[in-house]
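Student: The following block contains a protein sequence and its predicted model.
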Amino acid sequence: MVYVGERSSLNICAFCDFSRLGRCYSFIVSSQFLQILPYVLIAAGAGVLGGILPLIWAPRVHARSIIQHFAAGVVIAAVASDLIPEVETIGRPAGVLGGFAAGGVFMIALKWAVLKFEKKERARHKTPVGLSAAAAVDTLVDGALISAGFSTGPQLGSLLAIALAIELFFLTLSVGSEFHKSKSKAWQGIAVTTGIAMLLLVGAFVSFLLFRDLSKPALAIVLSFGAAALIYLIAEELLVEAIEAEESLFSTAALFAGFLVLLALKLLTHNS
């Protein structure tokens, strides 16, 4: 027979046990994200720097072409040498193909929306809101991809963080340059590009909460979606403007240099 006082104490003990479990779980989750956080902060810092740079130095067409080619080479290396092989290893064909197709459709729809918005924007001579919105969505996807990459292992996550840091630097540099061209106030360009860079943290944290308990086949779908987004970025953002600019041997060399740098980094970290 259990008296009321004893039953109360048992309930309190049970509550305390659940409370301790909740605190322990929160601590484990926070400690796991803290392992990812330095990489995300460095990448976000690169984005902040890219947004500030146009106030000090406005890169000309040739300089931007070299930066774009280098960033494209780095992202191609990340996709070809790490992301796709990992997806092939942990995923199933239907999930991988479905994730990639969904990512492609999403990015095409995003481009359609941005182009439609930019036509109205040009007529009104306003600030580059369409480009900023597209960069913001790209950055959210990048943050989610970094976090998903770390879920498969530190090597893929760290290499994705490095590649996407360079890509984010270029994105915010482009957005900041457009604000500078539109004669906007300096604080507007910095505020927008800093906000875009901080979305990398948001994407990484939300992705960490949503995907940390996913099975490997499900995680492969997420990574396939991200791979499609990165291929869109290479084809439609990094190289389009660079190809439209006057080509030079330096730009072409920068493409291979970017690929070589990330590939060498992967090989060195893998063998160490």
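Tutor: Structure's in. What do you need?

Student: Any chance you could list what contacts stretch 173-191?
Tutor: Stretch 173-191 is contacted by residues 50-55, 58-59, 64, 67, 125-128, 131-132, 135, 192-193, 196 when judged by Cβ atoms under 8 Å, 6 or more residues apart in numbering. For glycine as for every other residue, the C-beta is placed from the backbone atoms N, C-alpha and C.

Student: now do the same end-to-end measure for it.
Tutor: 13 Å (Cα to Cα, to the nearest Å).

Student: Begin at 12 from now on, thanks
Tutor: Happy to do that; since the first residue is 12 now, the last one works out to stretch 184-202.

Student: Let's see which of the contacts of stretch 184-202 end up in helices.
Tutor: Secondary structure of the contacts of stretch 184-202 is defined by DSSP state H; positions in helices are 61-66, 75, 78, 142-143, 146, 203-204, 207.

Student: Present those as CSV; the columns should include distance to Ser188 and neighbour count.
Tutor: Shown next, in CSV, are those (distance: Cβ to Cβ, whole Å; neighbours: other Cβ atoms under 10 Å):
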residue, distance to Ser188, neighbour count
Gly61, 10, 26
Gly62, 10, 27
Ile63, 12, 18
Leu64, 9, 18
Pro65, 5, 23
Leu66, 10, 13
Arg75, 8, 19
Ile78, 11, 22
Leu142, 10, 20
Ser143, 12, 21
Ala146, 12, 26
Val203, 12, 24
Thr204, 10, 29
Ile207, 13, 28
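
Student: what's the closest of those residues to Ala240?
Tutor: Of all those, Ala146 has the smallest distance to Ala240: 12.6 Å, by Cβ to Cβ.

Student: who's in contact with the closest residue in space to the closest one that isn't next to it in sequence?
Tutor: Nearest residue to Ala146 in three dimensions, chain neighbours excluded: Leu182, at 4.8 Å (Cβ to Cβ, 6 or more residues apart in numbering). Contact partners of Leu182, counting by Cβ under 8 Å, 6+ apart, are Gly58, Gly61, Ala146, Asp149, Thr150, Ile207, Glu248.

Student: Same question for Ile242.
Tutor: Ile242 neighbours (Cβ under 8 Å, 6+ apart): Val90, Gly115.

Student: what's the spacing between the helix or strand harbouring it and its chain's center?
Tutor: Using DSSP states H and E, Ile242 falls within helix 227-243. Its chain's C-alpha centre and that of helix 227-243 lie 12 Å apart, by Cα atoms, centre = their mean, to the nearest Å.

Student: can you list the weak-confidence ranges in the stretch 112-261 of the chain?
Tutor: Within the stretch 112-261 of the chain, the stretches with pLDDT under 70 are 132-138, 251-259.
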